[in-house]
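how would this look folded up:
(2 chains)
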Amino acid sequence: ETGVTQTPRHLVMGMTNKKSLKCEQHLGHNAMYWYKQSAKKPLELMFVYNFKEQTENNSVPSRFSPECPNSSHLFLHLHTLQPEDSALYLCASSSGLAGVTPYNEQFFGPGTRLTVL
Amino acid sequence: RKEVEQDPGPFNVPEGATVAFNCTYSNSASQSFFWYRQDCRKEPKLLMSVYSSGNEDGRFTAQLNRASQYISLLIRDSKLSDSATYLCVVNLGYQLIWGAGTKLIIKP
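Numbers count the residues shown, from 1 in each chain, chains lettered A, B, ... in the order given. Prediction:
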């Protein structure tokens, strides 16, 4: 079991719904991430938070809205999604900022499998 | 050319065999490298970090060839439990770039 939990594990929503994904890390890490994983494609980094401050937003559509109230919790608010947004959404955390410090391991949560109808 | 390229596979390998696959990267300034494994419908987990020339951990050996810009993962005496998708990650010093993964299936 990792120290990163995500809820819900599965979510089916219509294009007009509003829902939120939740991530919590129990590892004392300072950095948290949202990734999107579609079949047979590389992980796509969506958002990065370091010490609760957003440090990266990779041109993600505004229908995805992140929130990081503290270093342990991360949310992804969803509204008016499109069917092509259906994917596995993974949350991760690391002690230092991955991609900056050389060997910082990212710990992933189990993901939320999202289906947009 | 993709920044990080991996053969998607699947590699079908009999149990006990040795298997190796590569990951090529395009940015010569890449600083460090990782191999993650992802089991079916699970999250990625770190397998190995790759240092200056390579790293070994039990049956797993990762090697880095900076001149040709690739890293390799070698698995010896493969087990059924090694069946997974292996993701290559390149650290550019300001961001991580993920490959799409190589699927490995170990057959009894």
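
going forward, measure contacts and count neighbours with C-alpha atoms only.
Fine.

what is the neighbour count of residue 61?
Chain wasn't specified; assuming chain A. Taking other CA atoms under 10 Å in any protein chain shown as the neighbour definition, A:Pro61 ends up with a count of 10.

not what I meant, chain B
Using other CA under 10 Å, B:Thr61 has 17 other residues around it.

and stretch B:36-49, how far from the chain's centre?
Centroid displacement of stretch B:36-49 relative to its chain, using CA atoms, centre = their mean, to the nearest Å, is 10 Å.

what about that stretch and chain A, any contact?
Yes. Interface with chain A: stretch B:36-49 contributes B:42-46, B:49 (CA under 8 Å from any CA of the partner chain).

repeat that for stretch B:16-23.
No. Judged by CA under 8 Å from any CA, stretch B:16-23 stays clear of chain A, getting no closer than 12.9 Å.

buried residues, that stretch. List them.
B:19, B:21-23 (16 or more other CA atoms under 10 Å in any protein chain shown).

with those residues in mind, which one is nearest to chain A?
Minimum distance to chain A across the buried residues of stretch B:16-23 is 12.9 Å, recorded for B:Cys23 (CA to the nearest CA).

ok, how many other residues are close to A:Ser59?
Residues contacting A:Ser59 under the criterion other CA under 10 Å number 9.

and what of A:Ser95?
Using other CA under 10 Å, A:Ser95 is surrounded by 17 other residues.

tell me the contacts of A:Gly109?
The contact partners of A:Gly109, by CA atoms under 8 Å, 6 or more residues apart in numbering or on different chains, come to A:2-6, A:23, A:90-92, B:43.

correction: the previous question concerned A:Pro66.
Residues near A:Pro66 by CA under 8 Å, 6+ apart: A:47, A:74-77.

kindly state the beta-bridge partners for it.
A:Leu76 (DSSP bridges).

where in chain A is the helix or strand with the lowest mean pLDDT?
One helix or strand of chain A scores below all others by mean pLDDT, DSSP states H and E: strand A:53-57, with a mean of 81.

list the buried residues of that strand.
Here strand A:53-57 shows A:53-54 as buried, counting by 16+ other CA under 10 Å.

do it and chain B come into contact?
No. Counting by CA under 8 Å from any CA, chain B has no neighbours in strand A:53-57; the shortest distance is 9.9 Å.

show me which helix or strand of chain B is least confident by mean pLDDT.
strand B:54-57 (a mean of 89).
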